[in-house]
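**Q** here are the coordinates; sequence isn't available:
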């Protein structure tokens, strides 16, 4: 029986301007001897003209998730975080928008 990989997203929905916060993606099931490759970036969206030239920086690891500190911008906007996790069960793409306010 096929069971999809369960990834929990642990992050705030709203942060203060200039705040440093964590974005954690935790794989619910143990990895056993499996390896995952993953990466996370902050997407840049300037008036929908250009999304991002940044690379995900995908790296192999044996940990049960992806953990990153992110710096909120100094102005109130929304910040979009995108991540990719590859696993023997498949490739998972995760995107979350975080409100940045005063």
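**A** That came in fine, so what should we check first? Because the structure is predicted, anything quoted here is derived from the model rather than measured. Residues are numbered from 1 along each chain as shown.
**Q** return the distance of residue 95 relative to residue 89.
**A** 19 Å (C-beta to C-beta, to the nearest Å). For the C-beta atoms, the positions are set from N, CA and C on the backbone; glycine is no exception.
**Q** can you find the helix or strand of this structure with the lowest average pLDDT?
**A** strand 59-61 (a mean of 69; mean pLDDT, DSSP states H and E).
**Q** host element of the spatially most central residue of the chain?
**A** Geometric centre of the chain, nearest residue: residue 83, 3.9 Å, by C-alpha atoms, centre = their mean. Assigned by DSSP states H and E, residue 83 falls within strand 78-87.
**Q** how about that strand: buried residues?
**A** 79, 80, 81, 82, 83, 84, 85, 87 (16 or more other C-beta atoms under 10 Å).
**Q** so for stretch 74-86, mean pLDDT?
**A** Across stretch 74-86, the average pLDDT comes to 90.
**Q** ok, now stretch 8-18?
**A** 95.
**Q** list the buried ones in whichever helix or strand comes after the least confident helix or strand of the chain?
**A** Downstream of strand 59-61, the first helix or strand assigned by DSSP H and E is strand 65-71. The neighbour-count check on strand 65-71 (16+ other C-beta under 10 Å) flags 65, 66, 68, 70 as buried.
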